[in-house]
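In: Show me how the following folds:
(2 chains, ligands or ions: 2)
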Amino acid sequence: MKRLNITYLIQQPAMGAMISFVAVILFYVLLGGVELSNLFGAASWVNFAANLGIIALPVGLLMISGELDISIGAMIPAGSMTIAVVSGHYGLPIEVGILATLAVGVSVGLINGILTVRTTVPSLIVTLGTLVAMQGIVLSASVLLTGNASVSLTSPEWAKAIFGQLLGGSYQIIILWWLGFSLLYYVVMHHTHIGNWIFAMGGDKESARNAGIPTQKLTIWLFVLSSTSATFVGMCGAILFNSAQVSGGMLYIFNTIVSVVVGGVILTGGFGSVLGIFFGILTFAIVSQGIYFTDIDRNWSSLIIGVMLLAAVMMNNLFRKMALLGAPKIKTTREAKS
Amino acid sequence: MTTPVLELRNVNKSFGPIDVLHDISLKVHAGEVLCLLGDNGAGKSTLIKTLAGVHKQTSGQILMDGEELMFERPKDAADRGISTVHQFGGTFPLMSIGRSFFVGVEPVIKWGPFSFFDRKTANETAVKAVREFGITRIDDGDRLIGGLSGGERQALAIARAVHFGARVLILDEPTAALGVKEAAHVLRIVFEARKRGLAIIFITHQVMHAMTVGDHFAVLIRGALAADFRKGEKTREEITDLMAGGEAMAELESEIESYAQSDSETSSAAQ
Ligand SMILES: Nc1ncnc2c1ncn2[C@@H]1O[C@H](COP(=O)(O)OP(=O)(O)O)[C@@H](O)[C@H]1O
Ligand SMILES: [Mg+2]
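Out: Ligands and ions are numbered 1, 2, ... in the order given. Model (predicted):
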């Protein structure tokens, strides 16, 4: 009741992202001539958001914990190629393909995580290494095993229904996965002790460890999560489109980081929210896909994304400062009391 | 006499070839404040890090309640009730009061096989704990640590240590970065913690602050114990001289003070 005031709202790390979301839509409607009903009725940006979101959420959690994972760029094609080679080229049951795909994600996640906690190499560099290495492995393995850089895959009905069908003709089923994951991440981050540990790790890893938090284990788990999520998205794509390519995925590195940062996570870790990242993803999806609904030439979208990123980051900084100071109104009443 | 809560016997610490602590023997009793004084680089931080399990002593013994202890990691010391509060208090500036208070020991509500963080209990407990130390301005556990004043953060960190059953409280320069009023607040909280029977090691190089709260004083010079005396045994000037390694610092200090005074007098007269 008394908490429903400006201070409380501004303290929410998601505030900036929500405002960015509304601002971008307003911009397109007022200056781009977009019909709101067209935009909200369209599947393209929602599909885009879902694929991006499933990866951006765990990357965001990693960033809150003070780490970064850019190897996801190679893990998306690694995921789609694994299932296509195992179940398409070799014709093994799709279950085997799915398990193999997730196993690839878990393995690379473990490598990223273990290298990060065992060495003093920053995770940006560790995952840059695995990014490039995995690119090479995927390309050469695919050429070696199939003689091709593109492999087709036919999935049974049930697998299509769960991972790769189009709902209502144009909405990818992965949207439901994304919403489910978002809810799960929200509960874990904000309503369990694990979430508290992740925030503490990002705030001060040394103190978190001294407080008895298994920081190394948690870091490794988070890397496994982001890497496996990326292979999952690749896998769903292969099942949906009945084929996989070795290329693609690199743009996701950039897209996830922008979404997470617009979502109010700070690069140094320790601050952010799942709701914020969720809105960061929506905002990014609207900006990059909504441009097709406007009269604006699509080449401008990069400029808009850049400006939006800077504006959102500045807004988030401002809100964080205000949150730290507390609302002036409250302060005066407090002083009057004492 | 009662057994000291914490006792050091001939503790030495060297980092490779560098000897930092020489033969330190000290005792702290429950309900007593030991002030550890010394210039920068004297080895104060190294000494308390050894007590907190961050460093292992090269030789010598650390005893708690008369029983010898060996700390492998900071957690071991924390589990025995040795709690260190650093200069800036809370270490998680972007976390809320309630959340940071319970980092690592979160209260949960069980719901079948699941357990959820109990934000309400966390906030209420944290706010109550810090208010018991006289900081009544804190009434909202959702506020971020970074938004508190330096004194409030120290108070919160001390309240946290006491809440979780600390028996030895180590305060590393708690008043160094604070203004006069805030420092007085913190000193009052140190009194409160002492009243509750904690053994307190208070590190400072502000002699006035030390003389306000200290029962017992130890002066470190280049890693060795230069003096060990009780309240009332030495004057402020003597302590200042001791800290400076026997030079007549106090005299110099008062000279500077009188210059500053006459300076401000002339300038105010000129106005
Ligand atoms: N990890 C370390 N390795 C080597 N030398 C150290 C280390 N920590 C402290 N020292 C040295 O020990 C001496 C005492 O440092 P410190 O305990 O921080 O002093 P104080 O806290 O009294 O200012 C300094 O000369 C410092 O260089
Ligand atoms: Mg020091």
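In: hmm, which helix or strand of the chain has the shakiest average pLDDT?
Out: This is for chain A. helix A:328-337 (a mean of 38; mean pLDDT, DSSP states H and E).
In: My question was about chain B, not that one.
Out: When each helix and strand of chain B is scored by mean pLDDT, DSSP H and E, helix B:249-270 comes last, with a mean of 64.
In: what are the ranges of the strands in chain B?
Out: B:6-15, B:18-28, B:32-38, B:59-64, B:67-69, B:82-85, B:108-111, B:114-117, B:168-172, B:199-204, B:216-221, B:224-230 (DSSP state E).
In: a markdown table for these, including mean neighbour count, distance to A:Ser107 and mean pLDDT?
Out: All C-beta atoms are positioned from the backbone trio N, CA, C, and that covers glycine. Formatted as a markdown table, the strands of chain B follow (neighbours: other C-beta atoms under 10 Å in any protein chain shown; distance: least, C-beta to C-beta, whole Å; pLDDT from 0 to 100):
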| stretch | mean neighbour count | distance to A:Ser107 | mean pLDDT |
| --- | --- | --- | --- |
| strand B:6-15 | 18 | 40 | 94 |
| strand B:18-28 | 18 | 44 | 93 |
| strand B:32-38 | 24 | 51 | 93 |
| strand B:59-64 | 16 | 45 | 93 |
| strand B:67-69 | 12 | 42 | 90 |
| strand B:82-85 | 24 | 40 | 89 |
| strand B:108-111 | 12 | 33 | 94 |
| strand B:114-117 | 17 | 29 | 94 |
| strand B:168-172 | 25 | 44 | 93 |
| strand B:199-204 | 24 | 48 | 93 |
| strand B:216-221 | 22 | 52 | 91 |
| strand B:224-230 | 15 | 55 | 86 |
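In: how about CSV for these, with distance to B:Asp241 added?
Out: As requested, the strands of chain B are exported to CSV (distance: least, C-beta to C-beta, whole Å):
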stretch, distance to B:Asp241
strand B:6-15, 25
strand B:18-28, 21
strand B:32-38, 12
strand B:59-64, 28
strand B:67-69, 35
strand B:82-85, 29
strand B:108-111, 55
strand B:114-117, 53
strand B:168-172, 24
strand B:199-204, 16
strand B:216-221, 10
strand B:224-230, 10
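In: Can you tell me which of those is nearest to B:Leu47?
Out: Proximity to B:Leu47 (C-beta to C-beta) singles out strand B:18-28 among those, at 6.0 Å.
In: Could you tell me which other helices and strands the closest one packs against?
Out: Here strand B:18-28 touches strand B:6-15, helix B:44-51, strand B:199-204, strand B:216-221, strand B:224-230, going by 3 or more C-beta pairs under 8 Å, 6 or more residues apart in numbering or on different chains; DSSP states H and E.
In: Distance to A:Leu124 for the ones you listed - can I get that in JSON lines?
Out: JSON lines is the format used below for the helices and strands packed on strand B:18-28 (distance: least, C-beta to C-beta, whole Å):
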{"stretch": "strand B:6-15", "distance to A:Leu124": "31"}
{"stretch": "helix B:44-51", "distance to A:Leu124": "30"}
{"stretch": "strand B:199-204", "distance to A:Leu124": "37"}
{"stretch": "strand B:216-221", "distance to A:Leu124": "42"}
{"stretch": "strand B:224-230", "distance to A:Leu124": "45"}
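In: TSV for these, including distance to chain A?
Out: Converted to TSV, these look like this (distance: least, C-beta to the nearest C-beta, whole Å):
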stretch	distance to chain A
strand B:6-15	18
helix B:44-51	12
strand B:199-204	18
strand B:216-221	24
strand B:224-230	28
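In: if we can go back for a sec, nearest to A:Ser80, out of the strands of chain B?
Out: Comparison of those against A:Ser80 by C-beta to C-beta identifies strand B:114-117 as nearest, at 33.7 Å.
In: any residue of the closest one up close to chain A?
Out: Yes. Strand B:114-117 reaches chain A (C-beta under 8 Å from any C-beta of the partner chain) through B:114-117.
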